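Engineer: No letters, just coordinates:
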Ligand SMILES: Cc1cn([C@H]2C[C@H](O)[C@@H](COP(=O)(O)OP(=O)(O)O[C@H]3O[C@H](C)C(=O)[C@H](O)[C@H]3O)O2)c(=O)[nH]c1=O
């Protein structure tokens, strides 16, 4: 299992091994013990799976506030997506900075998004499916969002046309107007 740092504290790229043979491949997409070997001890309690039919669909940037803040372990089940996390931890040296990575069925890469980050993605193929583990349960009363095209963050979504958005995502607020519920604590 490869673990790559991203420059944003706590946000890491995980690539589990794939065992190929004449039939195809096998991969352990989640192993608590193998993650613990790398110092990752997050406990996950809910799996999510969504399908986005059209290319250029953006879901995000979302988070849940404490006491239901969610860390997420994100992967692409089918198709191709560009996954993005924004550091919204007050006092973080990288507050407001973003990181993006292409997650595809082919590359099998995963992004571990700690609590304290706003998360979103854009699809790069029709019929793209995202599958992700969450460290806390769905708590809509704690949900928060930042608008996808916040000029202070400046995410390059690699869009070729206007995105497909939910009504909710189309009217999210800017980071400068958010009183973030998260405070930065350096990863030990
Ligand atoms: C997130 C969630 C949603 N729902 C229901 C609520 C709605 O009836 C329906 C669609 O919800 P929503 O439009 O919030 O789904 P996304 O836009 O994909 O939201 C997700 O998008 C980004 C990428 C995230 O990281 C979050 O996990 C999440 O906010 O699923 C549930 O029943 N449980 C859940 O955990």
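Structural biologist: Cool, got the structure. The shown structure was predicted, so the numbers you read here are calculated from the model rather than taken from an experiment. Numbers count the residues shown, from 1 in each chain.
Engineer: And residue 3, how close does it get to residue 80?
Structural biologist: Separation of residue 3 from residue 80 (C-beta to C-beta, to the nearest Å): 22 Å. Where C-beta positions appear, they are placed from N, C-alpha and C, glycine not excepted.
Engineer: of these two, who's got more company?
Structural biologist: Neighbours were counted for residue 3 and for residue 80 using other C-beta atoms under 10 Å; residue 80 has more, 17 against 14.
Engineer: who touches the more buried one in this structure?
Structural biologist: Residue 80 is in contact with 102-106, 123-125, 128, counting by C-beta atoms under 8 Å, 6 or more residues apart in numbering.
Engineer: 6 Å instead, please
Structural biologist: 104, 124-125 (C-beta atoms under 6 Å, 6 or more residues apart in numbering).
Engineer: beta partners for it?
Structural biologist: Under DSSP bridges, the beta-bridge partners of residue 80 are residue 104.
Engineer: do you know how far it is from residue 50?
Structural biologist: 15 Å.
Engineer: I figured residue 181 was touching residue 65, is that so?
Structural biologist: Yes - Residue 181 is in contact with residue 65 according to C-beta atoms under 6 Å; the separation is 4.0 Å.
Engineer: Doesn't residue 168 lie inside a strand?
Structural biologist: No - under DSSP: H, G, I helix; E, B strand; the rest coil, residue 168 sits outside any strand and is assigned helix.
Engineer: separation between it and residue 134?
Structural biologist: Taken as C-beta to C-beta, the span from residue 168 to residue 134 is 18 Å.
Engineer: now residue 10, nearest residue through space, not along the chain?
Structural biologist: Here the nearest residue to residue 10 in space, its sequence neighbours aside, is residue 114; by C-beta to C-beta, 6 or more residues apart in numbering that works out to 4.0 Å.
Engineer: Hmm, residue 71 and the one you found touching each other?
Structural biologist: Yes - in terms of C-beta under 6 Å, residue 114 counts as a neighbour of residue 71; the distance is 5.0 Å.
Engineer: What pLDDT is listed against the residue lying farthest from the centre of the chain?
Structural biologist: Most distant from the centre of the chain: residue 22, at 32.4 Å, with distances by C-alpha atoms, centre = their mean. Reported pLDDT at residue 22 in the predicted model: 98.
Engineer: cool, residue 187 as well?
Structural biologist: 82.
Engineer: same check, this time on residue 82
Structural biologist: Value for residue 82, per-residue pLDDT: 98.
Engineer: of all the residues in this protein, which ones are close to the ligand?
Structural biologist: Proximity of the chain to the ligand is confined to 48, 50, 59-60, 62, 72, 119-121, 138, 166 under the rule C-beta under 6 Å from any ligand atom.
Engineer: now those residues as CSV including pLDDT and neighbour count?
Structural biologist: Formatted as CSV, the residues of the chain next to the ligand follow (pLDDT from 0 to 100; neighbours: other C-beta atoms under 10 Å):
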residue, pLDDT, neighbour count
48, 98, 13
50, 98, 13
59, 98, 21
60, 97, 23
62, 98, 17
72, 98, 27
119, 98, 21
120, 98, 24
121, 98, 27
138, 98, 12
166, 98, 13
